[in-house]
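Enquirer: pasted the sequence and its predicted model underneath.
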Amino acid sequence: MNQPAINPPFWLLAELTYRCPLHCVFCYNPVNYASIESELNTQEWIRVMQEARALGAAQLGFSGGEPLLRDDLDVLVAEARQLGFYTNLITSGVGLNETRIASLKNAGLDHIQLSFQDSTQEMNDFLSSTKTFELKKKVAALIKKYDYPMVMNVVLHRHNIPHVDKIIDMALDLGAEYLELANTQYYGWAMKNRAQLLPTREQLIAAEATVNAYREKIGKRCKLLFVVPDYFEERPKACMNGWGSIFLDIAPDGAALPCHNARQLPGLDIPNVRDHSLREIWYESQAFNFFRGDEWMQEPCRSCSEKEKDFGGCRCQAFLLTGDASATDPVCAKSPKHYVVTQAINEALALNHSDKREEHPLVFRTDKNSRLNGL
Amino acid sequence: MTAQYITTTLPDRPKLNRLFRLQWEEVQQAYVLLYPEGMVKLNVSAAEILKRCDGEHTVDALIAELETAFGETNLREPIEGMLRAAFEKDWIQ
């Protein structure tokens, strides 16, 4: 593999804001988001989109935080669509009334991904620390009324994974074309809450069996995507399809990131779109070139026959779990640090069978907690 | 060829599924199908077939038009094969 030719970016993720009306315990936004200010303005976002499209990006995700909190969202969607992007709105649904959804349709929005936390009002509202369940169901109906393709996204963890059958039933009732059952990835707020969120292996096996049974039953009606939790795997995920390979994330403050969590990695000189063109950032910046190819790899990755398949796994996870961003992702059974993953699973199991649960409450994603925990 | 392929009945007037958008990509120098969070790069013949899946062309009309356009005969089998594969993948309805 060595130093391969650099392909153009395919995905532009526009994280328009870190502001969010929800307080989800599994959020992957940085824990210190409250200290990251100075959002890009409309003109700056338009320039970012034009440059990314010129580089070859075809998919554009409007995300956050909650992108509907930006009152220029319609303007940005219209510009994106006119540039030829396939435009995806990734939303909690909060703020999506009929006027707004009609206006987004008019602007050319292609698709809406709506998140739910669970199949019941009680769990949805508890996990997001809001009263949003009924509202989300109304938004789902509006998405159908305006004939958008609907992807429903539910982040799975020990509290909702036993309800996976009811979650699928809900997606079918609401007419979703795709249902993403995404097991929690442990970054940001999810990492803070890891011991409370990790499922057990038994829960996971049962959920997979349920999903497979539904796939047999429902055929093409709704496509079920089950994103496995990598802590229970023997090999790491091919994170971002390789560093600086297809994915370009622009954070609310204009930081250009090879993945959502790259900001926390030591040694990276994170470029900002306010200072550089996207062409310079993608092809020339230190940060985007840092983990390209395999020169940076250590053993066991360096001599591994699978290194071109998984690229050594996730750099952020390697850093979070081993303290070394260049180490093999410890999810890999070949990693000398694989035991830290096994330990995390066992600790979560022990905590949830003990009387100490009360002493480890879930930390909700709030501005106050961000200021307390993020510094 | 599997039994399933043989039994697949094609729609009379195939139409691109509304979940997909067919578009020329300058950087890739290729037609692509875009859908929620994904993309398929198409070869020339697949793109020419899918461009005509507009809900108006019948399968026969589509074949006749492509045979004329490419100055060839006997395209029925490969075109119907491609359409069946596209139908299985839900690209057309």
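Expert: Noted; the coordinates are in hand. Numbering: from 1, shown residues only, chains lettered A, B, ... in the order given.
Enquirer: for the rest of this, base every contact and every neighbour count on C-alpha atoms.
Expert: Fine.
Enquirer: how about the residue in chain B that chain A sits nearest to, what does it touch?
Expert: For chain B, the residue closest to chain A is B:Val27, as judged by CA to the nearest CA, at 5.4 Å. By CA atoms under 8 Å, 6 or more residues apart in numbering or on different chains, the contact list for B:Val27 reads A:54-56.
Enquirer: now it: how far from A:Gly242?
Expert: 20 Å (CA to CA, to the nearest Å).
Enquirer: quick check: pLDDT value at the residue in chain A that chain B sits nearest to.
Expert: When scored by CA to the nearest CA, chain A has A:Gly56 as its residue closest to chain B, at 5.4 Å. A:Gly56 carries a pLDDT value of 96.
Enquirer: pull out the buried residues from stretch A:66-76.
Expert: By neighbour count on 16 or more other CA atoms under 10 Å in any protein chain shown, the buried set for stretch A:66-76 is A:66-69, A:73-74, A:76.
Enquirer: now do the strands in the chain.
Expert: Just so you know, I chose chain A. A:11-15, A:59-63, A:86-91, A:111-116, A:150-156, A:178-183, A:223-227, A:247-250, A:256-257 (DSSP state E).
Enquirer: look at chain B instead
Expert: B:21-25, B:30-35, B:38-41.
Enquirer: the shortest one pairs with which strands?
Expert: Put plainly, it is strand B:38-41. strand B:30-35 (antiparallel) (DSSP bridges).
Enquirer: contact partners of the partner strand?
Expert: So strand B:30-35 is in contact with A:59, A:86, B:19-25, B:39-44, B:47, going by CA under 8 Å, 6+ apart.
Enquirer: most surrounded residue in those residues?
Expert: Within those, most neighbours by other CA atoms under 10 Å in any protein chain shown means A:Tyr86, with 29 neighbours.
Enquirer: residue contacts, that residue?
Expert: Counted by CA under 8 Å, 6+ apart, A:Tyr86 has contacts A:58-60, A:80, A:109-110, B:34-36.
Enquirer: pLDDT score for it?
Expert: 97.
Enquirer: partners of B:Leu16 in the sheet?
Expert: B:Ile92.
Enquirer: mind listing what it touches?
Expert: B:50, B:53-55, B:91-93.
Enquirer: biggest helix in chain A by residues?
Expert: helix A:201-218 (DSSP state H).
Enquirer: which non-adjacent residue is nearest A:Ala298?
Expert: No Ala there; residue A:298 is Gln. A:Ala327 (6.2 Å; CA to CA, 6 or more residues apart in numbering or on different chains).
Enquirer: quick check: the one you found touching A:Met297?
Expert: Yes. If you go by CA atoms under 8 Å, A:Ala327 and A:Met297 touch, sitting 7.2 Å apart.
Enquirer: who's more crowded, those two?
Expert: In this view A:Ala327 and A:Met297 are compared by other CA under 10 Å, and A:Ala327 has more residues nearby, 25 against 19.
Enquirer: got the phi/psi numbers for that one?
Expert: phi -70, psi 160 (degrees, to the nearest 10).
Enquirer: neighbouring contacts of stretch A:33-42?
Expert: A:16-18, A:72, A:76, A:252-254, A:367, A:370-371, A:374.
Enquirer: redo that, cut-off 7 Å
Expert: A:17-18, A:72, A:252-254, A:367, A:370-371 (CA atoms under 7 Å, 6 or more residues apart in numbering or on different chains).
Enquirer: what about the contacts of B:Leu16, which one has the most neighbours?
Expert: Neighbour-wise, the contacts of B:Leu16 (other CA under 10 Å) top out at B:Ile92, 24 neighbours.
Enquirer: I'd like the distance from stretch B:82-93 to the chain centre, please.
Expert: 7 Å (CA atoms, centre = their mean, to the nearest Å).
Enquirer: which of the residues in stretch A:205-212 are buried?
Expert: Those would be A:207-208, A:210-211, for stretch A:205-212 by 16+ other CA under 10 Å.
Enquirer: quick one: the residue of chain A closest to chain B from B:Gln28, how far?
Expert: A:Gly56 is 8 Å from B:Gln28, by CA to CA.
Enquirer: which residues touch the closest residue in space to A:Val75 that isn't next to it in sequence?
Expert: Leaving aside its sequence neighbours, A:Val75 sits nearest to A:Ala107 (CA to CA, 6+ apart; 7.4 Å). By CA under 7 Å, 6+ apart, A:Ala107 lies in contact with A:74, A:77-78.
Enquirer: and for A:Val25?
Expert: Applying CA under 7 Å, 6+ apart, we find A:Val25 in contact with A:127-128, A:189-190, A:193, A:362-365.
Enquirer: those residues: which ones sit near chain B?
Expert: Among the contacts of A:Val25, no residue sits close to chain B (CA under 7 Å from any CA of the partner chain).
Enquirer: just give the closest residue to A:Phe10, not the sequence neighbours.
Expert: A:Ala57 (4.1 Å).
Enquirer: in chain B, which spans are helices?
Expert: Under DSSP H, chain B gives helices at B:3-7, B:44-51, B:59-70, B:76-88.
Enquirer: average model confidence for the longest one?
Expert: Same thing as helix B:76-88. Computed over helix B:76-88, the average pLDDT equals 93.
Enquirer: and for stretch B:41-54?
Expert: 95.
Enquirer: chain center to it, what's the gap?
Expert: That offset, for stretch B:41-54, works out to 5 Å (CA atoms, centre = their mean).
Enquirer: the residue nearest to A:Gln298 reaches A:Gln317, doesn't it?
Expert: No. With contacts counted by CA atoms under 7 Å, A:Ala327 stays clear of A:Gln317, the gap being 9.5 Å.
Enquirer: mind pulling the model confidence for residue 22?
Expert: No chain was given, so I picked chain A. Confidence score, pLDDT, at A:Leu22: 89.
Enquirer: wait, chain B
Expert: pLDDT at B:Leu22 comes out at 96.
Enquirer: what of A:Glu280?
Expert: On the pLDDT scale, A:Glu280 gets 98.
Enquirer: close to chain A: what parts of chain B are there?
Expert: B:19, B:27, B:34, B:36-37.
Enquirer: quick one: the residues you listed as TSV, columns for distance to A:Ser285 and pLDDT too.
Expert: Shown next, in TSV, are these (distance: CA to CA, whole Å; pLDDT from 0 to 100):
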residue	distance to A:Ser285	pLDDT
B:Leu19	36	86
B:Val27	21	91
B:Leu34	29	96
B:Pro36	29	88
B:Glu37	26	82
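Enquirer: re the thing from before, any chance of the helices of chain B in JSON lines, with distance to A:Val154 too?
Expert: Listed next are these as JSON lines, based on distance: least, CA to CA, whole Å:
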{"stretch": "helix B:3-7", "distance to A:Val154": "33"}
{"stretch": "helix B:44-51", "distance to A:Val154": "33"}
{"stretch": "helix B:59-70", "distance to A:Val154": "40"}
{"stretch": "helix B:76-88", "distance to A:Val154": "27"}
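Enquirer: out of those, nearest to A:Asn272?
Expert: The closest of the helices of chain B to A:Asn272 is helix B:44-51. By CA to CA, the value is 38.1 Å.
Enquirer: just the angle for that closest one relative to strand B:30-35, thanks.
Expert: If you take axes from the mean of the first three to the mean of the last three CA atoms, to 10 degrees, helix B:44-51 sits at 50 degrees to strand B:30-35.
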